[in-house]
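In: Sequence below, structure please.
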Amino acid sequence: MHQAKQAERRIDCLLIPLRDRQLLLPNSAVAEVVPFSHLLMSDMDVNWVLGKLDWRGSLVPAICYELLSEQSPPEPNPDARFIIMNTTGTDNELTFYAVLVQGIPRLLHIQQDDLQEVESVMTGQYDKMAVSMPGLNAVIPDLDAIEHTLSQHL
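Out: Presented below is the predicted three-dimensional model:
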């Protein structure tokens, strides 16, 4: 019984490396991690949409989280990847999108009690909250806000 309660409070997450911070996402939010590849250009009026990625026969919009958050873009990085994001389902037009990341995401099994909100860290418009746990700090992104903004520009 004790193990079942522990498993209930455990959250399977991915720690996503960006330029100067890490995102913490539930494992279920990420469909796949794919190698960096060339993007098909798009005629977007915003710099944070990098283009479209051909993923499994679908064209998926690719974004840069740093540019979306009005931060400096990452430097070219041979370890860069794209994570293909499952959407939250609030927009029927958008089923997947890609986010440029700066390395391979790391799987974490977090106990809910270990996750502490850090209110002293400045968060941006697309950050839900900054969190801390033993040995690391991360930002939980506001996926609904990201998807809403992205769908307005498609």
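In: and residue 44, how many neighbours?
Out: Using other Cβ atoms under 10 Å, the number of residues around residue 44 comes to 16. C-beta: built from backbone N, CA, C; applies to glycine.
In: Contacts only, for the nearest residue to it once chain neighbours are set aside.
Out: Nearest non-adjacent residue to residue 44, counting by Cβ to Cβ, 6 or more residues apart in numbering: residue 153, 6.0 Å away. Counting by Cβ atoms under 8 Å, 6 or more residues apart in numbering, residue 153 touches 44, 45, 46, 49.
In: and the longest helix anywhere in the chain, what other elements does it pack with?
Out: Secondary structure of the chain read by DSSP state H shows that its longest helix is helix 143-152. Counting contacts by 3 or more Cβ pairs under 8 Å, 6 or more residues apart in numbering; DSSP states H and E, helix 143-152 packs against strand 58-63, helix 65-68.
In: quick one: average confidence on stretch 130-139?
Out: Across stretch 130-139, the average pLDDT comes to 90.
In: where does this protein have low pLDDT?
Out: 1-8, 91 (pLDDT under 70).
In: how much space is there between residue 130 and residue 9?
Out: Distance from residue 130 to residue 9, counting by Cβ to Cβ, to the nearest Å: 21 Å.
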